[in-house]
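> just coords:
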């Protein structure tokens with residue numbers, strides 16, 4: 001059985017990454033790969049801000065720019 005995969009170049013928080021994928025993925029899938037908790041982040045994907053990752057996000061494409069803002073509590 002042959003598994004096809006493709007190389008995706010993305011910018012995450014200003015760092016360039018080469019990610020090998022077997023199928024097209026959404027931003028949420030990429031965040032899971034980098035171990036972010038979806039409940040604690042706000043995403044900027046190519047200039048558009050998402051604060052609810054339960055909505056359908058766009059698929060990650062070549063040279064997309066993603067910024068992840070992690071929410072922390074404190075006092």
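Happy to help now that I have it. The model shown is predicted, which means the values in this text are computed figures rather than measured ones.
> quick one, strands of this protein?
6-12, 15-21, 41-45, 48-50, 65-70 (DSSP state E).
> among the ones you listed, which is nearest residue 34?
Closest to residue 34 of the strands of the chain is strand 6-12 (Cβ to Cβ; 6.8 Å). In this view, the C-beta of every residue, glycine as well, is placed from N, C-alpha and C.
> so what does the closest one touch, helix or strand wise?
strand 15-21, strand 65-70 (3 or more Cβ pairs under 8 Å, 6 or more residues apart in numbering; DSSP states H and E).
> Between strand 15-21 and that strand, find me the angle.
Angle, strand 6-12 to strand 15-21, by axes from the mean of the first three to the mean of the last three Cα atoms, to 10 degrees: 150 degrees.
> what are the pairing partners of strand 6-12, and which direction each?
Sheet pairing here is set by DSSP bridges, and for strand 6-12 it gives strand 15-21 (antiparallel), strand 65-70 (parallel).
> for that strand, which positions count as buried?
By neighbour count on 16 or more other Cβ atoms under 10 Å, the buried set for strand 6-12 is 8, 10, 12.
> can you put those in TSV and add pLDDT?
Below are the buried residues of strand 6-12 laid out as TSV (pLDDT from 0 to 100):
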residue	pLDDT
8	88
10	92
12	93
